[in-house]
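# Following is a predicted model, sequence given first.
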Amino acid sequence: MFNFFSLDIIYYPVSGIMWVWYKVFAFLLGPTNFFAWALSVMFLVFTLRAILYKPFVRQIRTTRQMQELQPQIKALQKKYGKDRQRMALEMQKLQREHGFNPILGCLPMLAQIPVFLGLYHVLRSFNRTGGIGFGHLNLSVEENAQLANYFFSAEDVRHFLDANLFGAPLGAYMTQSAGLEAFTEFNRTAVIAVGVPIMIAAGIATYFNSRASVARQSPEAAANPQTALMNKLALYVFPLGVVVGGPFLPLAIILYWFANNIWTFGQQHYVFGKIEKEEEQKKLEAIERRAANAPAPGAKPRKKKADSAGVANSGSAAVDGTEPESNGAAKADSNESAPATNTDSAAKSAARNGAVNRTPKPGARPKKRKR
(Lines give C-alpha, C1' and ligand atoms only; values in the text may rest on other atoms or scores of the structure.)
Protein backbone atom coordinates (compact mmCIF):
# COMPACT_ATOMS: atom_id res chain seq x y z
CA MET A 1 0.00 0.00 0.00
CA PHE A 2 1.22 3.51 -0.84
CA ASN A 3 2.80 5.29 2.12
CA PHE A 4 3.48 9.02 1.91
CA PHE A 5 5.88 8.82 4.85
CA SER A 6 8.23 6.36 3.14
CA LEU A 7 10.26 6.29 -0.07
CA ASP A 8 7.22 4.82 -1.84
CA ILE A 9 6.52 8.38 -2.92
CA ILE A 10 9.59 7.96 -5.18
CA TYR A 11 9.31 4.25 -6.00
CA TYR A 12 5.73 4.31 -7.29
CA PRO A 13 6.14 7.18 -9.82
CA VAL A 14 9.39 5.67 -11.16
CA SER A 15 7.78 2.23 -11.42
CA GLY A 16 4.65 3.71 -13.04
CA ILE A 17 6.53 5.53 -15.81
CA MET A 18 8.68 2.51 -16.54
CA TRP A 19 5.58 0.28 -16.56
CA VAL A 20 3.86 2.47 -19.20
CA TRP A 21 6.87 2.32 -21.54
CA TYR A 22 7.29 -1.40 -20.92
CA LYS A 23 3.70 -2.03 -22.04
CA VAL A 24 4.32 0.00 -25.20
CA PHE A 25 7.52 -1.84 -26.18
CA ALA A 26 6.23 -5.22 -24.99
CA PHE A 27 3.32 -4.82 -27.41
CA LEU A 28 5.81 -4.22 -30.23
CA LEU A 29 8.64 -6.59 -29.31
CA GLY A 30 7.15 -9.13 -26.91
CA PRO A 31 6.83 -9.23 -23.08
CA THR A 32 10.05 -11.22 -22.48
CA ASN A 33 12.19 -9.36 -24.99
CA PHE A 34 15.43 -7.96 -23.52
CA PHE A 35 15.25 -4.79 -25.64
CA ALA A 36 11.65 -4.12 -24.58
CA TRP A 37 12.85 -3.84 -20.98
CA ALA A 38 16.02 -1.95 -21.94
CA LEU A 39 14.04 0.61 -23.95
CA SER A 40 11.58 1.02 -21.08
CA VAL A 41 14.51 2.00 -18.82
CA MET A 42 15.89 4.45 -21.39
CA PHE A 43 12.51 6.09 -22.03
CA LEU A 44 11.95 6.32 -18.29
CA VAL A 45 15.06 8.53 -18.27
CA PHE A 46 13.87 10.56 -21.27
CA THR A 47 10.45 11.13 -19.69
CA LEU A 48 11.86 12.30 -16.38
CA ARG A 49 14.38 14.59 -18.10
CA ALA A 50 11.60 16.06 -20.25
CA ILE A 51 9.66 16.81 -17.06
CA LEU A 52 12.76 18.54 -15.68
CA TYR A 53 13.35 20.55 -18.88
CA LYS A 54 12.35 23.95 -17.46
CA PRO A 55 14.45 23.56 -14.29
CA PHE A 56 17.35 22.53 -16.55
CA VAL A 57 16.98 25.70 -18.63
CA ARG A 58 16.86 27.71 -15.40
CA GLN A 59 20.03 25.94 -14.30
CA ILE A 60 21.82 26.89 -17.53
CA ARG A 61 20.70 30.52 -17.25
CA THR A 62 21.79 30.61 -13.61
CA THR A 63 25.19 29.19 -14.51
CA ARG A 64 25.71 31.75 -17.28
CA GLN A 65 24.56 34.55 -15.00
CA MET A 66 27.01 33.41 -12.35
CA GLN A 67 29.81 33.51 -14.92
CA GLU A 68 28.83 37.08 -15.88
CA LEU A 69 28.93 38.12 -12.22
CA GLN A 70 32.39 36.68 -11.61
CA PRO A 71 34.21 40.05 -11.92
CA GLN A 72 31.88 41.63 -9.35
CA ILE A 73 32.16 38.61 -7.06
CA LYS A 74 35.96 38.80 -7.22
CA ALA A 75 35.80 42.51 -6.40
CA LEU A 76 33.70 41.77 -3.33
CA GLN A 77 36.05 38.99 -2.26
CA LYS A 78 39.00 41.36 -2.59
CA LYS A 79 37.25 44.12 -0.68
CA TYR A 80 35.60 42.09 2.11
CA GLY A 81 37.77 38.97 2.11
CA LYS A 82 38.54 39.25 5.82
CA ASP A 83 35.02 40.18 6.92
CA ARG A 84 32.96 37.07 6.14
CA GLN A 85 29.73 38.45 7.56
CA ARG A 86 29.93 41.60 5.45
CA MET A 87 30.97 39.50 2.48
CA ALA A 88 27.86 37.31 2.85
CA LEU A 89 25.60 40.37 3.10
CA GLU A 90 27.15 41.96 0.00
CA MET A 91 26.80 38.70 -1.94
CA GLN A 92 23.13 38.47 -1.01
CA LYS A 93 22.65 42.08 -2.09
CA LEU A 94 24.36 41.39 -5.42
CA GLN A 95 22.21 38.32 -6.00
CA ARG A 96 19.01 40.25 -5.23
CA GLU A 97 19.95 43.07 -7.58
CA HIS A 98 20.47 40.65 -10.48
CA GLY A 99 17.70 38.19 -9.58
CA PHE A 100 20.27 35.45 -9.11
CA ASN A 101 19.48 32.35 -7.05
CA PRO A 102 22.27 29.74 -6.90
CA ILE A 103 19.93 27.11 -5.43
CA LEU A 104 17.99 26.98 -8.71
CA GLY A 105 21.12 25.81 -10.49
CA CYS A 106 21.28 22.68 -8.35
CA LEU A 107 17.64 21.59 -8.62
CA PRO A 108 17.90 19.38 -11.76
CA MET A 109 20.97 17.60 -10.38
CA LEU A 110 19.36 17.09 -6.97
CA ALA A 111 16.12 15.87 -8.58
CA GLN A 112 17.99 13.09 -10.40
CA ILE A 113 19.30 11.56 -7.17
CA PRO A 114 15.93 10.20 -5.94
CA VAL A 115 15.15 9.03 -9.48
CA PHE A 116 18.39 7.05 -9.57
CA LEU A 117 17.72 5.53 -6.15
CA GLY A 118 14.10 4.78 -7.10
CA LEU A 119 15.08 2.98 -10.30
CA TYR A 120 17.82 1.07 -8.47
CA HIS A 121 15.35 -0.08 -5.83
CA VAL A 122 12.65 -1.06 -8.35
CA LEU A 123 15.12 -3.09 -10.43
CA ARG A 124 16.52 -4.84 -7.38
CA SER A 125 12.98 -5.59 -6.22
CA PHE A 126 12.27 -7.69 -9.30
CA ASN A 127 14.16 -10.60 -7.78
CA ARG A 128 13.03 -10.16 -4.15
CA THR A 129 9.85 -9.04 -2.40
CA GLY A 130 8.69 -5.61 -3.50
CA GLY A 131 9.38 -2.79 -1.08
CA ILE A 132 11.71 -4.68 1.32
CA GLY A 133 15.16 -3.17 1.45
CA PHE A 134 18.10 -3.96 -0.79
CA GLY A 135 19.20 -7.25 0.80
CA HIS A 136 18.97 -10.55 -1.04
CA LEU A 137 16.27 -12.98 0.06
CA ASN A 138 17.58 -15.73 -2.25
CA LEU A 139 14.12 -16.43 -3.68
CA SER A 140 13.72 -18.80 -6.57
CA VAL A 141 12.19 -17.91 -9.92
CA GLU A 142 8.84 -19.43 -8.90
CA GLU A 143 8.77 -17.55 -5.59
CA ASN A 144 9.67 -14.22 -7.24
CA ALA A 145 7.11 -14.76 -10.00
CA GLN A 146 4.33 -14.86 -7.40
CA LEU A 147 5.21 -11.37 -6.09
CA ALA A 148 4.18 -8.05 -7.62
CA ASN A 149 6.61 -5.14 -7.81
CA TYR A 150 4.85 -1.79 -7.35
CA PHE A 151 3.05 -1.15 -10.69
CA PHE A 152 4.36 -4.39 -12.18
CA SER A 153 2.18 -7.44 -11.70
CA ALA A 154 3.48 -10.90 -10.80
CA GLU A 155 3.30 -11.80 -14.52
CA ASP A 156 5.39 -8.74 -15.41
CA VAL A 157 7.97 -9.80 -12.80
CA ARG A 158 8.15 -13.25 -14.38
CA HIS A 159 8.68 -11.71 -17.82
CA PHE A 160 11.49 -9.52 -16.46
CA LEU A 161 13.25 -12.54 -14.95
CA ASP A 162 12.87 -14.45 -18.23
CA ALA A 163 14.27 -11.59 -20.36
CA ASN A 164 17.99 -11.83 -21.14
CA LEU A 165 20.47 -11.18 -23.94
CA PHE A 166 22.59 -14.29 -24.58
CA GLY A 167 22.14 -15.23 -20.92
CA ALA A 168 22.63 -11.68 -19.52
CA PRO A 169 19.58 -10.50 -17.52
CA LEU A 170 19.00 -6.75 -17.36
CA GLY A 171 18.84 -6.80 -13.55
CA ALA A 172 22.14 -8.67 -13.07
CA TYR A 173 25.58 -7.18 -12.57
CA MET A 174 29.02 -8.46 -13.52
CA THR A 175 30.31 -9.23 -10.03
CA GLN A 176 27.05 -10.65 -8.72
CA SER A 177 27.43 -13.81 -6.64
CA ALA A 178 24.17 -14.01 -4.65
CA GLY A 179 20.56 -14.15 -5.80
CA LEU A 180 21.47 -15.79 -9.11
CA GLU A 181 18.71 -18.37 -8.67
CA ALA A 182 16.12 -15.60 -9.16
CA PHE A 183 16.92 -15.38 -12.88
CA THR A 184 15.69 -17.88 -15.43
CA GLU A 185 19.13 -17.85 -17.06
CA PHE A 186 22.40 -16.28 -15.89
CA ASN A 187 25.68 -16.44 -17.79
CA ARG A 188 28.47 -14.36 -16.26
CA THR A 189 30.46 -14.24 -19.49
CA ALA A 190 27.40 -12.90 -21.31
CA VAL A 191 26.79 -10.36 -18.55
CA ILE A 192 30.37 -9.08 -18.89
CA ALA A 193 30.21 -9.10 -22.70
CA VAL A 194 27.01 -7.04 -22.65
CA GLY A 195 27.93 -4.85 -19.68
CA VAL A 196 31.44 -3.75 -20.67
CA PRO A 197 30.43 -2.00 -23.94
CA ILE A 198 27.53 -0.25 -22.18
CA MET A 199 29.87 0.73 -19.34
CA ILE A 200 32.51 2.18 -21.71
CA ALA A 201 29.83 3.97 -23.75
CA ALA A 202 28.45 5.50 -20.53
CA GLY A 203 31.95 6.70 -19.55
CA ILE A 204 32.54 8.23 -23.00
CA ALA A 205 29.12 9.93 -22.95
CA THR A 206 29.91 11.34 -19.50
CA TYR A 207 33.24 12.70 -20.73
CA PHE A 208 31.84 14.43 -23.84
CA ASN A 209 28.93 15.80 -21.83
CA SER A 210 31.34 17.32 -19.30
CA ARG A 211 33.61 18.58 -22.07
CA ALA A 212 30.72 20.42 -23.75
CA SER A 213 29.85 22.09 -20.43
CA VAL A 214 33.45 23.17 -19.77
CA ALA A 215 33.89 24.53 -23.31
CA ARG A 216 30.96 26.93 -22.81
CA GLN A 217 32.38 28.50 -19.66
CA SER A 218 33.63 32.07 -19.77
CA PRO A 219 37.40 32.69 -19.35
CA GLU A 220 36.77 34.43 -16.01
CA ALA A 221 34.85 31.44 -14.64
CA ALA A 222 37.41 28.92 -15.93
CA ALA A 223 40.20 30.89 -14.21
CA ASN A 224 38.52 30.45 -10.83
CA PRO A 225 40.47 27.76 -8.83
CA GLN A 226 37.29 26.11 -7.55
CA THR A 227 35.78 25.98 -11.04
CA ALA A 228 39.04 24.60 -12.46
CA LEU A 229 39.00 21.83 -9.86
CA MET A 230 35.38 20.94 -10.65
CA ASN A 231 36.20 20.91 -14.36
CA LYS A 232 38.97 18.36 -13.81
CA LEU A 233 36.64 16.19 -11.73
CA ALA A 234 33.94 16.37 -14.41
CA LEU A 235 36.34 15.62 -17.27
CA TYR A 236 38.35 12.77 -15.76
CA VAL A 237 37.11 11.54 -12.38
CA PHE A 238 33.40 11.19 -13.15
CA PRO A 239 33.83 9.24 -16.42
CA LEU A 240 36.44 7.03 -14.77
CA GLY A 241 34.06 6.49 -11.84
CA VAL A 242 31.38 5.17 -14.22
CA VAL A 243 33.83 2.66 -15.70
CA VAL A 244 35.22 1.58 -12.33
CA GLY A 245 31.80 1.32 -10.66
CA GLY A 246 30.09 -0.35 -13.62
CA PRO A 247 30.89 -3.97 -12.62
CA PHE A 248 29.08 -3.44 -9.32
CA LEU A 249 25.87 -2.04 -10.82
CA PRO A 250 23.01 -3.82 -12.61
CA LEU A 251 23.09 -3.54 -16.39
CA ALA A 252 19.90 -1.49 -16.29
CA ILE A 253 21.55 1.14 -14.06
CA ILE A 254 24.54 1.44 -16.42
CA LEU A 255 22.04 1.78 -19.27
CA TYR A 256 20.24 4.45 -17.26
CA TRP A 257 23.49 6.40 -16.86
CA PHE A 258 24.27 6.09 -20.57
CA ALA A 259 20.80 7.29 -21.61
CA ASN A 260 20.89 10.14 -19.10
CA ASN A 261 24.18 11.49 -20.49
CA ILE A 262 22.99 11.16 -24.09
CA TRP A 263 19.89 13.18 -23.26
CA THR A 264 21.90 15.77 -21.32
CA PHE A 265 24.37 16.22 -24.20
CA GLY A 266 21.62 16.79 -26.77
CA GLN A 267 19.50 18.96 -24.50
CA GLN A 268 22.49 21.05 -23.46
CA HIS A 269 23.42 21.69 -27.10
CA TYR A 270 19.84 22.71 -27.90
CA VAL A 271 19.38 24.97 -24.85
CA PHE A 272 22.75 26.70 -25.21
CA GLY A 273 22.06 27.34 -28.88
CA LYS A 274 18.64 28.76 -28.06
CA ILE A 275 20.00 31.05 -25.33
CA GLU A 276 22.82 32.29 -27.58
CA LYS A 277 20.30 33.13 -30.33
CA GLU A 278 18.17 35.04 -27.81
CA GLU A 279 21.18 37.03 -26.62
CA GLU A 280 22.26 37.75 -30.21
CA GLN A 281 18.75 38.93 -31.05
CA LYS A 282 18.74 41.26 -28.03
CA LYS A 283 22.07 42.74 -29.11
CA LEU A 284 20.76 43.35 -32.65
CA GLU A 285 17.60 45.00 -31.30
CA ALA A 286 19.69 47.26 -29.04
CA ILE A 287 21.88 48.28 -31.99
CA GLU A 288 18.82 48.99 -34.13
CA ARG A 289 17.28 51.16 -31.39
CA ARG A 290 20.48 53.17 -31.01
CA ALA A 291 20.75 53.59 -34.79
CA ALA A 292 17.13 54.77 -35.03
CA ASN A 293 17.57 57.36 -32.28
CA ALA A 294 20.97 58.66 -33.48
CA PRO A 295 21.12 61.66 -35.94
CA ALA A 296 22.35 61.16 -39.49
CA PRO A 297 26.12 61.58 -40.03
CA GLY A 298 27.01 65.29 -40.56
CA ALA A 299 23.47 66.48 -39.83
CA LYS A 300 22.97 69.48 -37.57
CA PRO A 301 20.61 69.08 -34.64
CA ARG A 302 17.19 70.47 -35.45
CA LYS A 303 15.40 72.95 -33.23
CA LYS A 304 11.96 72.16 -32.00
CA LYS A 305 9.10 73.42 -34.14
CA ALA A 306 7.39 75.09 -31.20
CA ASP A 307 10.50 77.18 -30.51
CA SER A 308 10.97 78.16 -34.15
CA ALA A 309 7.31 79.12 -34.47
CA GLY A 310 7.50 81.21 -31.31
CA VAL A 311 10.63 82.98 -32.54
CA ALA A 312 8.96 83.70 -35.89
CA ASN A 313 5.86 85.15 -34.26
CA SER A 314 7.86 87.31 -31.87
CA GLY A 315 10.07 88.51 -34.76
CA SER A 316 7.12 89.50 -36.89
CA ALA A 317 5.53 91.28 -33.96
CA ALA A 318 8.74 93.26 -33.34
CA VAL A 319 8.94 94.34 -36.99
CA ASP A 320 5.33 95.50 -37.14
CA GLY A 321 5.57 97.10 -33.72
CA THR A 322 2.48 95.28 -32.59
CA GLU A 323 1.87 92.55 -30.08
CA PRO A 324 0.98 89.06 -31.34
CA GLU A 325 -2.66 88.25 -31.29
CA SER A 326 -4.40 84.95 -30.92
CA ASN A 327 -5.52 83.00 -33.93
CA GLY A 328 -9.12 83.51 -33.02
CA ALA A 329 -8.74 87.25 -32.83
CA ALA A 330 -6.80 87.30 -36.09
CA LYS A 331 -9.48 85.36 -37.85
CA ALA A 332 -12.20 87.56 -36.42
CA ASP A 333 -10.39 90.74 -37.50
CA SER A 334 -9.74 89.34 -40.95
CA ASN A 335 -13.38 88.42 -41.37
CA GLU A 336 -14.69 91.75 -40.12
CA SER A 337 -12.27 93.97 -42.05
CA ALA A 338 -11.99 91.98 -45.22
CA PRO A 339 -13.05 94.86 -47.54
CA ALA A 340 -10.56 97.26 -46.05
CA THR A 341 -7.61 94.92 -46.24
CA ASN A 342 -6.74 95.54 -49.87
CA THR A 343 -6.91 99.33 -49.46
CA ASP A 344 -4.70 99.37 -46.36
CA SER A 345 -2.14 97.07 -47.90
CA ALA A 346 -2.01 99.14 -51.07
CA ALA A 347 -1.45 102.33 -49.10
CA LYS A 348 1.29 100.75 -47.03
CA SER A 349 3.06 99.41 -50.09
CA ALA A 350 2.90 102.79 -51.82
CA ALA A 351 4.32 104.49 -48.75
CA ARG A 352 7.14 101.98 -48.59
CA ASN A 353 7.91 102.45 -52.28
CA GLY A 354 8.04 106.16 -51.82
CA ALA A 355 10.31 105.79 -48.85
CA VAL A 356 12.60 103.58 -50.86
CA ASN A 357 12.74 106.05 -53.73
CA ARG A 358 13.54 108.92 -51.41
CA THR A 359 16.36 107.08 -49.64
CA PRO A 360 19.76 107.79 -51.39
CA LYS A 361 22.30 105.08 -51.97
CA PRO A 362 25.39 104.99 -49.75
CA GLY A 363 28.00 107.51 -51.08
CA ALA A 364 25.61 109.14 -53.57
CA ARG A 365 25.09 112.91 -53.62
CA PRO A 366 21.70 114.15 -52.68
CA LYS A 367 19.66 115.30 -55.64
CA LYS A 368 18.18 118.73 -55.78
CA ARG A 369 14.49 118.96 -55.95
CA LYS A 370 12.99 120.43 -59.07
CA ARG A 371 11.14 123.60 -58.61
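Structure's in. What do you need? Numbers count the residues shown, from 1 in each chain.
# What residues sit buried inside the helix or strand containing T63?
Per DSSP states H and E, T63 falls inside helix 53-68. Residues of helix 53-68 classed as buried: P55, F56, V57, Q59, I60, R61, T62, T63, R64, Q65, M66, Q67 (neighbour count, 16 or more other CB atoms under 10 Å). Every C-beta, even on glycine, is put in place using the N, C-alpha and C of the backbone.
# again with stretch 229-249
For stretch 229-249, burial by neighbour count (16+ other CB under 10 Å) applies to N231, A234, L235, P239, V242, V243, G246, P247, L249.
# and what of stretch 35-44?
So, applying 16+ other CB under 10 Å, buried residues of stretch 35-44: A36, W37, A38, L39, S40, V41, M42, F43, L44.
# taking those one by one, which sit in helices?
Among the buried residues of stretch 35-44, the members falling in helices (DSSP state H) are A36, W37, A38, L39, S40, V41, M42, F43, L44.
# Now flag whichever of those residues is closest to A26.
Set against A26, the nearest of those by CB to CB is A36 (4.9 Å).
# right, and that closest one touches F25 too?
Yes. Using CB atoms under 8 Å, A36 is in contact with F25, at 4.0 Å.
# Nearest to D8 among the buried residues of stretch 35-44?
L44 (17.2 Å).
# contacting residues for the closest one?
With contact set as CB atoms under 8 Å, 6 or more residues apart in numbering, L44 has these partners: V14, I17, M18, W21, L119, Y256.
# Tell me the pLDDT of it.
On the pLDDT scale, L44 is placed at 92.
# try the one 5 residues further on
Reading off the per-residue confidence, R49 sits at a pLDDT of 87.
# what do you get for N33?
On the pLDDT scale, N33 is placed at 94.
# same check, this time on the one 4 residues further on
Each residue has a pLDDT score; the one for W37 is 95.
# With S40 instead?
For S40, pLDDT reads 95.
# got the contact list for it?
With contacts defined as CB under 8 Å, 6+ apart, the neighbours of S40 are M18, W19, W21, Y22, V24, F25.
# For F160, see how far away it is.
S40 sits 10 Å away from F160, going by CB to CB, to the nearest Å.
# now L255
In this view, L255 and F160 are 14 Å apart by CB to CB.
# How about L249?
Distance of L249 to F160, computed by CB to CB: 17 Å.
# quick one: the strands in the stretch 101-250 of the chain?
Assigned by DSSP state E, counting those that start in this stretch, the strands in the stretch 101-250 of the chain fall at 164-165, 168-169.
# who wins for proximity to E279 among the ones you listed?
For E279, the closest of those is strand 164-165, at 46.2 Å, according to CB to CB.
# Name every strand pairing with the closest one and say which way it goes.
Sheet pairing of strand 164-165 (DSSP bridges) gives strand 168-169 (antiparallel).
# Run through who's touching the strand it pairs with.
By CB under 8 Å, 6+ apart, strand 168-169 touches 34, 161, 163, 183-187, 190-191, 193-195, 251.
# before we move on, back to that, go through the buried residues of stretch 229-249 and say which is closest to Y173.
Nearest member of the buried residues of stretch 229-249 to Y173, counting by CB to CB, is L249, at 5.6 Å.
# Leaving out chain neighbours, which residue sits closest to the closest one?
Nearest non-adjacent residue to L249, counting by CB to CB, 6 or more residues apart in numbering: Y173, 5.6 Å away.
# Y80 reaches M87, doesn't it?
Yes. Counting by CB under 8 Å, Y80 touches M87, with 4.1 Å between them.
# If you rank every helix and strand of this structure by mean pLDDT, what lands last?
Lowest by mean pLDDT, DSSP states H and E among the helices and strands of the chain is helix 327-336, with a mean of 44.
# Is there a neighbour count for N209? I'd like the number.
By other CB atoms under 10 Å, the residues close to N209 number 21.
# who are the neighbours in contact with it?
Applying CB under 8 Å, 6+ apart, we find N209 in contact with N261, T264, F265, Q268.
# Of those residues, which is the most crowded?
The most crowded member of these, judged by other CB under 10 Å, is N261 (24 neighbours).
# Please read off the pLDDT at it from the model.
Looking at N261, its pLDDT reads 89.
# isn't it right next to A201, touching?
No. Assessed by CB under 8 Å, N261 is found out of contact with A201, at 9.1 Å.
# And the helices in the stretch 201-350 of the chain, which stretches?
219-222, 225-232, 238-245, 251-293, 305-320, 327-336, 338-358 (DSSP state H, counting those that start in this stretch).
# Among those helices, show the one with the smallest mean pLDDT.
Ranked on mean pLDDT, the bottom entry among these is helix 327-336, at a mean of 44.
# re earlier: among the contacts of strand 168-169, which ones are buried?
Here, 16+ other CB under 10 Å leaves F34, L161, A163, F183, T184, F186, N187, A190, V191, V194, G195, L251 buried among these.
# So which of those belong to helices?
Residues of the buried ones among the contacts of strand 168-169 located in helices (DSSP H): F34, L161, A190, V191, V194, G195, L251.
# Tell me which two of these sit farthest apart.
L161 and G195 (17.9 Å).
# picking that back up, of all the buried residues of stretch 229-249, which comes closest to A286?
Using CB to CB, the shortest approach to A286 within those belongs to N231, at 32.2 Å.
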